[in-house]
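>>> Test case, fold it:
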Amino acid sequence: MAVSTRIAIVAVGDRLRHDDGIGGAVLTRLRERAAARPLPPGTTLTECDGDPGHLADLWESAELAVVIESAHKGTGHPGRVHRLDLGRRELREPDGLGPRGLGAAVELARELDRLPDHLVAYAVEAEDLSQGGGLSEAVAATVAGLAARVEDDIVRHRTAAAGAPARQGGKDPSASRGS
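From the prediction side, this is the model:
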């Protein structure tokens, strides 16, 4: 059984496949920012290859899980960020979720009773998924803003957990659902 985690930030992807490393780049930025503004106790930053079982282990017992990954190229909008926000109710309803293995991970976690209480997923449309390091210019331009959005998700979660009103669940109106 996995160690209890209050907030799990998970980067899905491969840093050696250009834009597939977006999640890892965001984690790097979050670690840099944490030197000046520490993340809340119990927050983990982890990279994952996207295996559904591994994802389920990483977010098991989390109150908030944030997943960051690339969306397949060919969409014509490299660097566009999509945000999916699922609260407890939405996570427990089967509906064939979008980005890559995320749907399979949610289905497996549901079966194993390892769902987080709240899941936020970011998918960044890729320009280059070929082998090699470094992000394309369009995707690299999203790193700082995406790290800030993840920090905002953490603040919203902590505010809601403290009993103050905060939006939870549903779809972010500023982004599309799938990739």
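
>>> pLDDT value on residue 73, please?
Per-residue pLDDT puts residue 73 at 65.

>>> All further residue positions should be reported with the first residue as 201.
Sure, I'll start numbering at 201, so the last one becomes residue 273.

>>> Just confirm residue 316 is within a strand.
No - using DSSP: H, G, I helix; E, B strand; the rest coil, the assignment for residue 316 is coil, not a strand.

>>> OK, contacts around it?
208, 259, 260, 261, 262, 263, 264, 265, 291, 309 (Cβ atoms under 8 Å, 6 or more residues apart in numbering). In this view, the C-beta of every residue, glycine as well, is placed from N, C-alpha and C.

>>> Recalculate using a threshold of 10 Å.
By Cβ atoms under 10 Å, 6 or more residues apart in numbering, the contact set of residue 316 is 205-208, 256, 258-267, 286, 288, 291, 306, 309.

>>> Return the members of those classed as buried.
Neighbour-count burial (16 or more other Cβ atoms under 10 Å) applied to the contacts of residue 316 gives 205-208, 256, 258-267, 286, 291, 306, 309.

>>> What about the residues you listed, which are in helices?
Cross-referencing the buried ones among the contacts of residue 316 against helices under DSSP state H gives 256, 258, 259, 291, 306, 309.

>>> Can you classify residue 211 as helix, strand or coil?
strand.

>>> Now for the residue nearest to it when sequence neighbours are not counted, how many residues are close by?
Nearest residue to residue 211, sequence neighbours excluded (Cβ to Cβ, 6 or more residues apart in numbering): residue 223, at 2.8 Å. Using other Cβ atoms under 10 Å, residue 223 has 28 other residues around it.
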